[in-house]
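Undergrad: generate coordinates for the sequence data below:
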Amino acid sequence: MKELNRREFLALSGASVALLALAACGSTPSTPAVPAGSKEAELVAAINKVWKEKHDAGAVVHEQLTLNQDAVGAIRCYGRVFEEANETPHTLNDSDNKLIFGELNGLEDKIRNKYGKDSLAGMAGISEPSPNRVVALEDAYSCEDAAVRAFVAKLLDNSNSAKAEFISIYCPVVQGKTYMTAVVFRNNKA
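TA: Residues are numbered from 1 along each chain as shown. Purely as a prediction, here's the structure:
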């Protein structure tokens, strides 16, 4: 399903232009630090093993990704939708759009102001919306080598991803099963 590329998906957040008026609802919550030993910390360690191999092969600029939850809202907004609906796949509805836009409200400006224009790069773990607005969590949580390699390949499915230096991770739980989602980004102001 490649109706939108991943960069467009992040920029548009899977919603139609007519729903942008909902962006004024809610505010972006603060992002707490991720504790050591958490699923997010374990996943970034597994990702960085593969990322280092990519760096050594010249496929990425930075040897490691730094866990930085500044962009987590770009994926958490959908993770929360799946968690509240307690299903995947899920057809987006008006109440989901309000939740998504509440989470995304101000995120793009925050990222642009702090890291520069076009700093968001690849994402993984959430399907692109179908024409019927169906989205799904794609990756069950796993730090096993094959699963992580497939996940990193999705993160790198964007021309800007190879320059990424940061990663935000969110691990939604749906029907008792944990999934992994992530977005990578870079500092274009450096």
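Undergrad: right, and residue 111 touches residue 72 too?
TA: No - Residue 111 is beyond contact range of residue 72, at 10.9 Å (criterion: Cβ atoms under 8 Å). Any C-beta I mention is one placed from the backbone N, CA and C, and that applies to glycine too.
Undergrad: more neighbours, these two?
TA: Between residue 111 and residue 72, counting by other Cβ atoms under 10 Å, residue 72 is the more crowded of the two (25 against 22).
Undergrad: part of a helix, is residue 162?
TA: Yes - counting by DSSP: H, G, I helix; E, B strand; the rest coil, residue 162 falls inside a helix.
Undergrad: where does the closest residue to it other than its chain neighbours land in three-state SS?
TA: Once flanking residues are discounted, residue 162 sits nearest to residue 60: 4.8 Å by Cβ to Cβ, 6 or more residues apart in numbering. The local conformation at residue 60, judged by three-state DSSP, is coil.
Undergrad: then residue 123?
TA: Per three-state DSSP, residue 123 ends up strand.
Undergrad: then residue 168?
TA: Three-state assignment for residue 168 (three-state DSSP): strand.
Undergrad: who's it bridged to?
TA: residue 183 (DSSP bridges).
Undergrad: what's the neighbour count on it?
TA: The burial count for residue 168: 26, using other Cβ under 10 Å.
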